[in-house]
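Asks: generate coordinates for the sequence data below:
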Amino acid sequence: MLRAVLKLQRSATPLRRAFSTPSFATEGERKIYEKLSKALSPEILAVSDVSGGCGSMYRVHIGATAFRGLNLVRQHRKVNEILKDDIAGMHGLQLETFVPQSEEY
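Replies: Down below sits the predicted model:
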């Protein structure tokens, strides 16, 4: 169990922060991260290769104001459109998309 947790911690790309540069376990994670960052300027973004490092399946957790007003299906379509060339070579893509909550009350 501990090994599984440690492996997950090593393979997960950290959340995007303005003051830090994420580390990537694979080149595929870096490529997906950069494409989504450039296209959507997300406030929160994490990309991880969940295929064991072979690059056939990725998990993307992304929160962007660009999703405001879009239902979940349209949010996923937007991400799929950005990554369409990459998706062609993948076995699967797990998406978790959302609009970040405003801190203003």
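
Asks: do a quick rundown of the strands in the protein.
Replies: Taking DSSP state E as the criterion, the chain carries its strands at 44-49, 57-63, 92-98.

Asks: and of these, who's closest to Arg74?
Replies: Put simply, out of those the one that sits nearest Arg74 is strand 92-98, at 9.4 Å, with distance taken as C-beta to C-beta. To be clear about C-beta, it is placed using only N, CA and C from the backbone, and glycine gets the same treatment.

Asks: surely His76 meets Thr97?
Replies: Yes - with contact defined as C-beta atoms under 8 Å, His76 and Thr97 form a contacting pair (6.1 Å).

Asks: any idea how many residues pack against the nearest residue to Phe98 once chain neighbours are set aside?
Replies: The shortest distance from Phe98 to any non-neighbouring residue, by C-beta to C-beta, 6 or more residues apart in numbering, is to Gly63 (5.0 Å). Applying other C-beta atoms under 10 Å, we find 20 residues neighbouring Gly63.
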